[in-house]
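> Mind looking at a prediction? Sequence and model below.
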Amino acid sequence: MISRVDGDAMASIPEVDEGGLETGFSSSKKQILLTLKRQGAVSLTDLAASLRISKMATLKHLTVLEGKGL
């Protein structure tokens with residue numbers, strides 16, 4: 001679920017159980033899910049910075065997660 005706030009993409013997810021994360025997810029995707037669970041809505045810029053990857057790479061990970069309904 002991605003929404004726009006003040007021109008910066010914001011990401012938020014429903015409740016995610018850390019023990020229930022699929023093993024097929026990359027470590028970046030797992031980190032995204034855990035970050036969003038802990039912090040709620042986070043800007044794409046802040047999320048990318050915390051992962052130390054580009055905003056485009058972060059957006060691609062978010063798109064995959066969104067496609068899986070997360």
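Noted; the coordinates are in hand.

> use CA for all of it now, contacts and neighbours both
Will do.

> Nearest spatial neighbour of Ala48, chain-adjacent residues omitted?
Residue nearest to Ala48 in three dimensions, not counting chain neighbours: Lys55, with 5.3 Å by Cα to Cα, 6 or more residues apart in numbering.

> count of residues packed around Leu33?
Leu33 sits with 24 neighbouring residues when counted by other Cα atoms under 10 Å.

> So which elements touch the helix or strand hosting it?
With secondary structure defined by DSSP states H and E, Leu33 is part of helix 27-39. Contacts defined by 3 or more Cα pairs under 8 Å, 6 or more residues apart in numbering; DSSP states H and E place helix 27-39 against helix 44-51, helix 55-67.

> closest to Leu33 out of those?
helix 55-67 (8.5 Å; Cα to Cα).

> what helices or strands is the closest one leaning on?
Secondary elements touching helix 55-67 (3+ Cα pairs under 8 Å, 6+ apart): helix 27-39, helix 44-51.

> so who does Thr35 touch?
Residues in contact with Thr35 (Cα atoms under 8 Å, 6 or more residues apart in numbering) are Leu47.

> Check the gap between it and Ser50 for me.
Distance of Thr35 to Ser50, computed by Cα to Cα, to the nearest Å: 9 Å.

> In this structure, what helix or strand scores lowest on average pLDDT?
One helix or strand of the chain scores below all others by mean pLDDT, DSSP states H and E: strand 2-5, with a mean of 44.

> For Lys55, grab the count of nearby residues.
Other residues within reach of Lys55, judged by other Cα under 10 Å, total 17.

> next one: Ile32
Ile32 has 24 neighbours, counted by other Cα under 10 Å.

> Wait, it touches Ala48, no?
No - the criterion here is Cα atoms under 8 Å, and Ile32 misses it with Ala48 at 9.1 Å.

> Could you point out which residue ranges in the protein have low pLDDT?
In the predicted model, the chain carries pLDDT under 70 at residues 1-25.

> do that again at 50, thanks
1-7, 13-18 (pLDDT under 50).

> how many other residues sit next to Gly67?
Using other Cα under 10 Å: Gly67 sits among 10 other residues.

> Next, work out how far apart it and Lys60 are.
With Cα to Cα as the criterion, Gly67 and Lys60 are 11 Å apart.
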